[in-house]
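Chemist: predicted model and sequence follow; I will ask about them next.
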Amino acid sequence: MHPCGLRALTVLSCVPSAIRSFEESGGVDCVCDILCDKESQEGARSEAAGLVAQITAPWTEGSGFVLKSVTSNSDRLVRSLADLASTTDNSEVFLLSSAALANLSFADAALEKMKECRVLEILVTACRSKPHAASLFIKDQVGTVLANMAAKDDYRDSLSSGGSLVLLLCFLQLRPSSAHGAPQLEACERIQQKAAIALARLCCNPETCNVVAEMQGIQRLVKLCKDRKERNDSDSVLVACLAALRKIAAVRAKEEFVKLGAQELIEPRLWDAFLAHSSKRESYV
């Protein structure tokens with residue numbers, strides 16, 4: 001199929017009735033065939049990845065229509081998308097393939113295949129060292145995969161070792177900039193939030209907590225809670241960072257948090273800590 005035809009389908013797939021017709025016509029199988037065909041040009045495979053990202057997006061009304069077909073094809077989809085992400089040096093192609101993988105990572109079956117296809121290694125390596133993966137929007141998609149994998153016991157060891165933990169801490173270090181437009185600022189907030197969520201899930205392991213502490217992760221989480229500008233006044237980031245700090249505090253010595261002036265962030269009540277540092281605290285009194 002011509003890339004322009006795939007792009008037209010992507011545009012149409014913002015309408016639930018179009019997604020239903022796409023599903024009933026065997027569209028998911030067709031897209032899988034294009035992605036898996038080694039003879040397909042990168043442009044066609046890229047547009048196919050964009051179509052998968054569109055029809056599987058959690059916010060796309062009508063995405064439930066393709067759930068059964070996507071689940072039954074999850075092995076083929078993950079394998080082909082991982083191959084596309086690992087071989088391209090084009091930022092747009094990498095963004096579309098990582099976005100599709102991010103949406104698929106909400107499904108357990110897809111996560112199992114991602115581990116087999118080394119998706120974690122592909123995405124983390126790219127974000128840490130490849131120029132085509134420097135975009136905030138790409139980091140946002142990778143953050144989704146990391147947070148979803150961190151929710152499952154089976155994948156936490158992989159995340160806690162190697163470059164994944166380092167990347168999560170790098171994501172926490174991202175700062176909003178006056179040079180950023182609204183979309184970039186929102187992406188930065190989402191990245192910080194997802195990184196904190198992933199760390200909260202991983203820090204049930206004392207060894208992981210120790211690594212986070214050694215890499216100044218506690219200090220950064222405290223700063224994100226206390227300095228509203230560091231998180232662009234985002235209360236979602238605040239809640240995620242408070243949760244991560246409290247998980248770490250269950251393992252680390254209390255004195256460490258006292259020295260950082262962060263005792264009020266870890267006790268006694270989460271709601272009190274939230275109100276003390278929320279950008280909208282005046283709305284709750």
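Modeler: Now that the structure is in, tell me what you want to look at. Numbering: from 1, shown residues only.
Chemist: wait, residue 46 touches residue 97, no?
Modeler: Yes. Because the distance of 7.5 Å satisfies CB atoms under 8 Å, residue 46 is recorded as touching residue 97. Using the backbone N, CA and C atoms, a C-beta is placed for each residue, glycine as well.
Chemist: now the common contact residues for these two.
Modeler: Common contacts of residue 46 and residue 97 (CB atoms under 8 Å, 6 or more residues apart in numbering): 84, 88.
Chemist: of these two, who's got more company?
Modeler: residue 97 (33 against 24; other CB atoms under 10 Å).
Chemist: my guess is that one contacts residue 86. True?
Modeler: No. With contact defined as CB under 8 Å, residue 97 does not count as touching residue 86 (9.0 Å).
Chemist: any idea how far residue 153 is from residue 78?
Modeler: 20 Å (CB to CB, to the nearest Å).
Chemist: same drill for these two, tell me which one is more crowded.
Modeler: A direct count of neighbours by other CB under 10 Å for residue 153 and residue 78 places residue 78 higher, at 25 against 9.
Chemist: ok, now how distant is that one from residue 49?
Modeler: In this view, residue 78 and residue 49 are 12 Å apart by CB to CB.
Chemist: grab the nearest non-local neighbour of residue 43.
Modeler: residue 3 (4.6 Å; CB to CB, 6 or more residues apart in numbering).
Chemist: in contact with that neighbour, which residues?
Modeler: Contacts of residue 3 (CB under 8 Å, 6+ apart): 41, 43, 44, 46, 47.
Chemist: mind redoing it with 6 Å?
Modeler: Taking CB atoms under 6 Å, 6 or more residues apart in numbering, we find residue 3 in contact with 43, 44, 47.
Chemist: can you list the weak-confidence ranges in this protein?
Modeler: 1, 281-285 (pLDDT under 70).
Chemist: where do the domain boundaries of it fall?
Modeler: Domains of the chain are assigned by the TED database as 24-53+70-134, 143-277.
Chemist: what sits against residue 145?
Modeler: Residue 145 neighbours (CB under 6 Å, 6+ apart): 102, 105.
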